[in-house]
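Asks: no sequence on this one, just coordinates:
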Ligand SMILES: [Zn+2]
């Protein structure tokens, strides 16, 4: 209901010229829209999780709208320097991708290149070295693939429970049990992968095919190196995709991440993105200590000169956002409209 009402309102605002007025305003010119993406589907990932994955068609449509609306897509570091110097061109946008899944290499990057748009990729490095699907993510995907089945947990975690996987709640419960099982045993990555493989077998999902397509895998160092050489800006997202509340552990995450990225690209990254959008005031001095220049969150908004450079808002673009809602973000109008709660 809210969505229909909002679409209609946006349609009226667009047709009456308000979009044009706001997008050409001084208010918008002093602001930077940082777009955030995760994955562009290799297969059906966007049907499983539309907040993390988008089809290549929808993503291509977004890039087309950037062009049609006359947006200036800037490299992130350049955009931030110009934001704080009050020197942004009209309708400034920066494009960021989180995590660095393999689909960036085969799906997102070719589209970005077609439009000649620069992008920053916040790379988490642990899984980049082991060419296996990310454990917790792939388990969730497998359970969704088998949502018409019943899982006997005895063969996975040893528990005496048969679960009908048809509801989100049931699958979430199974996920909790699998993660607890793996945590309690402190399973190393290869054993976690064996566990995911045996779950797939139980659910009659073809794990070999998933591995072959590299669904939910991260890019390997050689691929990252190639993209960096071609101009993709590779930046920090922690080594193990986590932000410990302990200073030493937090700094180690950044250090490990930075070293791995340096090994792959020959460059030393200094821009950071909070994994899963989780941030705390305590992190800010630690980021400064680590020589970080900026940090982006998953909070909705356009960045302005008054934004804390370590708490920069972004638009987490999701499959459910309609083209007109996306355009309303490009103009800046959405800052003033109600919206649904933030995805991850
Ligand atoms: Zn992430």
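Replies: Received the coordinates, thanks. Worth saying up front: this structure is predicted, and the values here are computed from it rather than measured.

Asks: tell me the pLDDT at the residue nearest to the spatial centre of the chain?
Replies: Computing the C-alpha centroid of the chain and ranking residues by C-alpha atoms, centre = their mean puts residue 38 first, at 2.8 Å. Predicted confidence (pLDDT) at residue 38: the value is 97.

Asks: name the nearest residue to it, ignoring sequence neighbours.
Replies: Distances taken as C-beta to C-beta, 6 or more residues apart in numbering place residue 52 nearest to residue 38, at 4.5 Å, with adjacent residues excluded. For glycine as for every other residue, the C-beta is placed from the backbone atoms N, C-alpha and C.

Asks: my read: that neighbour touches residue 40, true?
Replies: No: at 10.5 Å, residue 52 does not count as touching residue 40 under the criterion of C-beta atoms under 8 Å.

Asks: those two: which is more packed in?
Replies: residue 40 (25 against 22; other C-beta atoms under 10 Å).

Asks: identify the residues contacting the nearest residue in space to that one that is not next to it in sequence.
Replies: Closest residue to residue 40 apart from its sequence neighbours, by C-beta to C-beta, 6+ apart: residue 107 at 4.0 Å. By C-beta atoms under 8 Å, 6 or more residues apart in numbering, residue 107 lies in contact with 40, 41, 42, 56, 59.

Asks: wait, which of these is closest to the ion?
Replies: Top of the list for closeness to the ion, among the contacts of residue 107 and by C-beta to the ion, is residue 40 at 14.7 Å.

Asks: could you pull up the contacting residues of the closest one?
Replies: Counted by C-beta under 8 Å, 6+ apart, residue 40 has contacts 53, 54, 55, 56, 59, 103, 104, 107, 108, 111.

Asks: repeat that for 6 Å
Replies: 54, 56, 59, 103, 107, 108 (C-beta atoms under 6 Å, 6 or more residues apart in numbering).

Asks: so it bridges to which residues?
Replies: residue 54 (DSSP bridges).

Asks: any idea how far it is from residue 325?
Replies: 19 Å (C-beta to C-beta, to the nearest Å).

Asks: do the same with residue 110
Replies: From residue 110 to residue 325 the distance is 26 Å (C-beta to C-beta).

Asks: do the same with residue 248
Replies: From residue 248 across to residue 325, the span is 43 Å (C-beta to C-beta).

Asks: and these two? Which one has more around it.
Replies: A side-by-side neighbour count of residue 248 and residue 325, using other C-beta under 10 Å, places residue 325 first with 20 against 9.

Asks: now do whichever strand or helix holds residue 256: everything it contacts.
Replies: Assigned by DSSP states H and E, residue 256 falls within helix 247-265. The contact list for helix 247-265 (C-beta under 6 Å, 6+ apart) reads 125, 221, 224-225, 228, 234, 236, 238-239, 244, 268-269, 286, 290.

Asks: in that helix, which residues are buried?
Replies: 250, 253, 254, 257, 258, 260, 261, 264, 265 (16 or more other C-beta atoms under 10 Å).

Asks: anything in that helix near the ion?
Replies: No: residues of helix 247-265 are not located near the ion by C-beta under 5 Å from the ion, the shortest gap being 11.7 Å.

Asks: so how far is that helix off the chain centroid?
Replies: How far helix 247-265 lies from its chain's middle: 19 Å, per C-alpha atoms, centre = their mean, to the nearest Å.

Asks: so for the helix or strand containing residue 183, mean pLDDT?
Replies: According to DSSP H and E, residue 183 maps onto helix 168-184. Mean per-residue pLDDT for helix 168-184: 96.

Asks: what of stretch 205-219?
Replies: 97.

Asks: use 805 as the first number for this chain going forward.
Replies: With 805 as the first residue, the last one maps to stretch 1009-1023.

Asks: do me a favour and get the end-to-end distance for that stretch?
Replies: 23 Å (C-alpha to C-alpha, to the nearest Å).

Asks: can you list contacts of that stretch?
Replies: By C-beta under 6 Å, 6+ apart, the surrounding residues in contact with stretch 1009-1023 are 846, 904-906, 909, 931-932, 937-938, 941-942, 946, 949-950, 1001, 1004.

Asks: for those, which single residue is the most surrounded?
Replies: That'd be residue 905 among those, by other C-beta under 10 Å, with 30 neighbours.

Asks: got any ranges where the stretch 1005-1148 of the chain has weak pLDDT?
Replies: 1142-1148 (pLDDT under 70).
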